[in-house]
Structures are given as structure tokens and as C-alpha cells.
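Visitor: I would like to see how this sequence folds:
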Amino acid sequence: MYFSIDHKSPLPLHVQAENLLRTIISDPQYANGKFLPNEVQLAKQLAISRSTLRHALNKLVYEGLLIRKKGVGTKVAEPTISSKSKNWLSFTQEMNARGITIKNFELHVTWVKPTEAVANFFGISTSKKILKLERLRGKTEGPFVYFISYFHPRVGLTGEEDFKRPLYDILEKDYMVIATLSKEEISAKAADKFIASKLEIESGSPILFRKRFVFDQGERPIEYNLGYYRADSFVYTVESRRE
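Guide: Model prediction:
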């Protein structure tokens, strides 16, 4: 395939190169994983310097549209899932609103004694067993997040619920518990062997780790949630407004 840009145009060459790259990556053959043309060859074909082309490439890499692998090449990044901190929906509800079908790969319900951190959050003894819900979730192509949720005994969950339903829908409709406040901590970490095996990545790979502390209308704690996300499949968006 032959590519070109207009050297007589007043539009800067790096901008033209960027626009061309955006056109290239929208082509189905590249969207399906084919590597982009070699950087040296493409720069020569466009009659621009490698630094000019690299400027355009770096911008698209920064935007998460391209992935560069040293010694291998550059290809189109797989579409990522995005979540906004401003939204207050269950994970299932938010993904459905975006037209994304979510699949449960694993679902485990157990009664466990809480760790000190969980017990302190709920204000209960570490000797009192609580409900633990573990879910491996993702798109039909594969999992991208592993959730672990602990629930305050006050909520009343029995473990017999249909957890394929949206979680907060269960709490509100079945137990009259309305989740109204979420406080979150987000960090990057390396996946241990257990999480790596769940997310189908190599041990030590970077992941997004999120702690979510959920409260009811009276600001009483109801859920302690841990989320482990594949870094190459998920973007967490924070929206702030200055007033």
C-alpha cells in the first residue's frame, strides 16, 4: 500500500503524518492486528525525517491507540474498556450502558473471617465470618478484571443470591440497602502468580489495582471491594470540575 502526504500544504508535516496514521489504523487489516509499515520505510516513502514520523507515532502511542514493541514493530492497540469515577452504577450496569456485554468466567461465594483491614473498615471482629464474593469478568474474548468483595453482615446477604444480576440491584431491590457513596484508592502494581493466572497474563505484568469502599445512605459501610484490572484492557477515567 502506498502512502503520501502533501509537502506543499501549510499543515505541519508531523500533523499530516499523525492524520495519515489515524487513517491507517482505522483500516480493518491493521485494526485486526497487522503491524504498521516499518518506521524507516514509511518515513522514506513520506519523504520526512524519522524524528518527524516518530513525533506522530509517539502521540498515538500516548493516546493508547498504538503499541510499540522494540525490535518487533508498531501495531494498533486493542480497544480498551473505560470506567468513569463520577458514575455510580454497578459494573454490569455501566458496561451495559456502554453497549458492552460482560461475561462471568468465574463466580465464587464463601464465608470467611475478615482480615484486619476489612474488619476495621466494617467495625467488626476478625472472628466474625462474612460473605466473600469473587468474580472473574470480561468480554467474550477473555477476562480483564478480577473482583473480590466483602459485605457487612448487616446487609443480610445469604450467599444464595443470583450474583449474575447487577450487585447493587440485588442490594436495593432484595435488601433495601442503597449504595450511595464510594471512596476509592487506585494504584499500579505487578500481578502476582494468582492474579496473573486469572487475568491470563504473565506474573509480574503491570495491572491497575482499585480499592472501593462503599457506604449506604447513612454512610454506613456495606462493601469492601478489591479490583484487579488488566492494564492493556482497561482505562479508568477521573472527571474533575473546578467551581
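
Visitor: what's near enough to touch K128?
Guide: By C-beta atoms under 8 Å, 6 or more residues apart in numbering, K128 lies in contact with 113-114, 119, 153. In short, each C-beta sits where N, CA and C put it, glycine included.

Visitor: these in helices, which ones?
Guide: Secondary structure from DSSP state H places A119 of the contacts of K128 in helices.

Visitor: which parts of the chain are helices?
Guide: Using DSSP H, helices in the chain cover 13-25, 28-31, 39-46, 50-62, 91-97, 116-122, 167-175, 193-199.

Visitor: can you redo those helices as TSV with mean neighbour count, mean pLDDT and distance to D232?
Guide: Shown next, in TSV, are these (neighbours: other C-beta atoms under 10 Å; pLDDT from 0 to 100; distance: least, C-beta to C-beta, whole Å):
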stretch	mean neighbour count	mean pLDDT	distance to D232
helix 13-25	17	87	16
helix 28-31	13	76	16
helix 39-46	15	89	22
helix 50-62	16	83	13
helix 91-97	16	64	17
helix 116-122	15	93	29
helix 167-175	17	92	25
helix 193-199	16	96	10
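
Visitor: got TSV for the ones you listed, with distance to R135 too?
Guide: Formatted as TSV, these follow (distance: least, C-beta to C-beta, whole Å):
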stretch	distance to R135
helix 13-25	33
helix 28-31	30
helix 39-46	42
helix 50-62	32
helix 91-97	9
helix 116-122	17
helix 167-175	9
helix 193-199	10
